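>>> Here is my input; please provide its structure:
(chains A and B, ligands or ions: 1)
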Amino acid sequence: MKKNTHILGIETSCDETAAAIVKDGREIISNVVASQIKSHKRFGGVVPEIASRHHVEQITVVLEETFEQARLTWDEIDAIAVTEGPGLVGALLIGVNAAKALAFAKHKPLIGVHHIAGHIYANRLEHEFQFPLLALIVSGGHTELILMKKHGVYEVIGETLDDAAGEAFDKVARMLDLPYPGGPHIDRLATKGKEVIDFPRAWLDKDSYDFSFSGLKSAVFNKIHNAKQRGESLRKEDVAASFQASVIDVLTTKTFRAAKQYDVKQVIVAGGVAANKGLRSALKNAFAESSTPLLIPPLHLCTDNAAMIAAAGTVAYEQGKRSGLDLNANPSLLLK
Amino acid sequence: MYILAMDTSTHTLGVAVMKNERIIGEIVTDLKKNHSIRLMPAIAALMKETNIVPEQLDKIVVAKGPGSYTGVRIGLTTAKTMAWALNIPIVGVSSLEALAYQGRFYNSFICPFFDARRRMVFTGLYQWDGQQMKRIVHEQNVLMEDWLEFLGRKKKQILFLSPHIDAYRTIIKDHLGDHSLIPEDVYQMAKPSHLALAGKMKQADHTYTLTPNYLRLAEAEANWLKLQKEKQND
Ligand SMILES: [Zn+2]
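Next up, the predicted model:
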């Protein structure tokens, strides 16, 4: 009988210090996330230097907790997977250097993982993959459509040309004086508002799967600004609903069209914005009639965590990919 | 008894292995190269050369700052994680104290410092008391001008040590004249062997709570605190 594969994952690319152990790339044995959101809230966004300071304080505590929950010993760990990029460089460095120290001290193979590959593989903790599959990644740092024909190989067929979707949510939230992080607040307000403002949709070229949200962001800004100047009142709920409708319309339409064109067997959604209820229901509606299954992971696997890094790392491990002790953080790492 | 010491708090990358009372290996470079890429390979190479496996280590000593925030964090993260994985004690030693050891046989005050930008320095005042490197004045982030004025009032001989000595040579001489001594450049960088020695004599820290010796709040934090104070005064 084949022995089980246990991979330790480490993720520190933004404001969560996380570690996890995953069995055979599909089963979470332990999953620990130390969030810094409370600390960054007072600044209205993630402050890189503060994030790095928290990571270095938390890293060994999180590792200890991960092993305690797992009730595993080091003998049972096959390799260490760590987010190599993209992300905040100072934050990434903590995870990368911790992973290298572990790999050396415990004589384990080291595997650098792309953060977005992690988001994609979060889905495999729930459902086995069927290829070809299409992944829509939507988070504060990313908006991408990725086609996968087999494990570990990623083809970016569309990406944002400016702001990430989550970034647009945060910026619009700030215009509406909503606290950080703004996404959930917009989502909540949107359910109480009506789509009375016709904000633009950036379709770009007819066949393009790329995205753009900066025009929409400016349109929202102008709308609020002009209303203020004319002394008109604008319902925050309506602005939120109209803005969110524009984002969701573009995301859903392009995802649906790509799924059809590439004749995929699965569509998966990942990243922090996948927690948005409006987006979840719009995608579900769009794919309700289609024969292509739509998979959205539970909320705790949509946001940053290390189980997803361990899951993606498992595939890389099985494919023989290894990193050296000279592995570095790469804030602008490309997904290949 | 094997001790591994590491320092990445300035441009200097230093790794040393100590066996009982002796340094059996040391790697030191003073290059503007990436610590994140080079630290772990340097440790691996030195341990291979000295024929030691990680399981043989009894203690890890790390320079905990002040210095470059990123550099200090790379050293501390590596040291803490290794100490945790091997379940051995860790000791954090001030990077200024480690540098002060270059003046170990000087019989007056020793002032190690690092440039902290905008004419500020991270510094403190030390003196060897026959047994240990004793801190005479607490470490601080201060305008060099103010610090030198303060030192001038001590009317004592002071040895200055810093990898950034060149930028401050003139101002030191202007303020302290004959009361200052600036040795050759080879003494201006910290040595990991000194770090190992300093750490050997100290009590272990807690692996979980050992944090960098930044000597300065993050800028956003400082601004935020200032804003809260202003609000209170309104
Ligand atoms: Zn993410």
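
>>> Can you give me the buried ones in stretch B:162-177?
B:162, B:163, B:165, B:168, B:172, B:175, B:176 (16 or more other C-beta atoms under 10 Å in any protein chain shown). Bear in mind the C-beta positions are built from the backbone N, C-alpha and C, glycine included.

>>> Just the buried positions in the top helix by length along chain A, please.
Longest helix in chain A by number of residues (criterion: DSSP state H): helix A:236-261. Buried positions in helix A:236-261, judged by neighbour count with 16+ other C-beta under 10 Å: A:236-248, A:250-252, A:254-256, A:258-259.

>>> one step back: now, among the buried residues of stretch B:162-177, which is nearest to residue A:148?
Of all the buried residues of stretch B:162-177, residue A:148 sits closest to residue B:163, with 48.9 Å by C-beta to C-beta.

>>> Give me the below-cutoff pLDDT ranges for chain B.
Applying pLDDT under 70 to chain B flags no residue at all.

>>> And chain A, by the same measure?
Residues of chain A meeting the criterion pLDDT under 70: A:1-2.

>>> what does it put close to the ion?
Applying C-beta under 5 Å from the ion, we find that chain A lies next to the ion at A:139, A:304.

>>> residue ranges of the strands in chain A, please?
With strands called from DSSP state E, chain A shows them at A:6-11, A:16-23, A:27-35, A:79-85, A:110-114, A:133-138, A:143-148, A:155-159, A:266-270, A:294-295.

>>> The top helix by length along chain B - contacts with which helices or strands?
Under DSSP H, the helix in chain B containing the largest number of residues is helix B:69-86. When contacts are defined as 3 or more C-beta pairs under 8 Å, 6 or more residues apart in numbering or on different chains; DSSP states H and E, helix B:69-86 sits against helix A:48-70, helix A:89-105, strand B:2-7, helix B:35-49, strand B:59-63, strand B:90-93.

>>> can I get the CA coordinates of stretch A:52-70 in CSV?
What follows is stretch A:52-70, C-alpha atoms only, in CSV (Å, rounded to 0.1, in the frame of the first residue of the first chain):
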residue,chain,number,x,y,z
SER,A,52,6.1,41.9,8.5
ARG,A,53,6.4,42.7,12.3
HIS,A,54,3.4,40.5,13.1
HIS,A,55,4.6,37.6,10.9
VAL,A,56,7.9,37.4,12.7
GLU,A,57,6.2,37.4,16.1
GLN,A,58,3.6,34.8,15.1
ILE,A,59,5.5,32.3,12.9
THR,A,60,6.7,29.8,15.5
VAL,A,61,3.5,30.1,17.5
VAL,A,62,1.5,29.2,14.4
LEU,A,63,3.8,26.3,13.5
GLU,A,64,3.6,24.9,17.0
GLU,A,65,-0.2,25.1,17.0
THR,A,66,-0.3,23.4,13.5
PHE,A,67,1.7,20.3,14.8
GLU,A,68,-0.3,20.2,18.0
GLN,A,69,-3.6,20.1,16.1
ALA,A,70,-2.3,17.5,13.7
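
>>> Report the buried residues of that stretch.
A:52-63, A:65-67, A:69-70.

>>> Can you confirm whether it lies near chain B?
Yes. Counting by C-beta under 8 Å from any C-beta of the partner chain, chain B has neighbours in stretch A:52-70: A:52, A:53, A:55, A:56, A:57, A:59, A:60, A:61, A:63, A:64.

>>> in terms of contact, does the third one touch residue A:17 like I think?
Right, the one you point to is residue A:55. Yes. Counting by C-beta atoms under 8 Å, residue A:17 is a contact partner of residue A:55 at 5.1 Å.

>>> so what sits against both of these two?
residue A:94 (C-beta atoms under 8 Å, 6 or more residues apart in numbering or on different chains).

>>> can you tell me which residues contact residue 136?
Just going to use chain A. Counted by C-beta under 8 Å, 6+ apart, residue A:136 has contacts A:144, A:145, A:251, A:255, A:267, A:268, A:269, A:270, A:274, A:283.

>>> Actually, chain B is the one I wanted.
Residue B:136 makes contacts with B:109, B:125, B:126, B:127, as judged by C-beta under 8 Å, 6+ apart.
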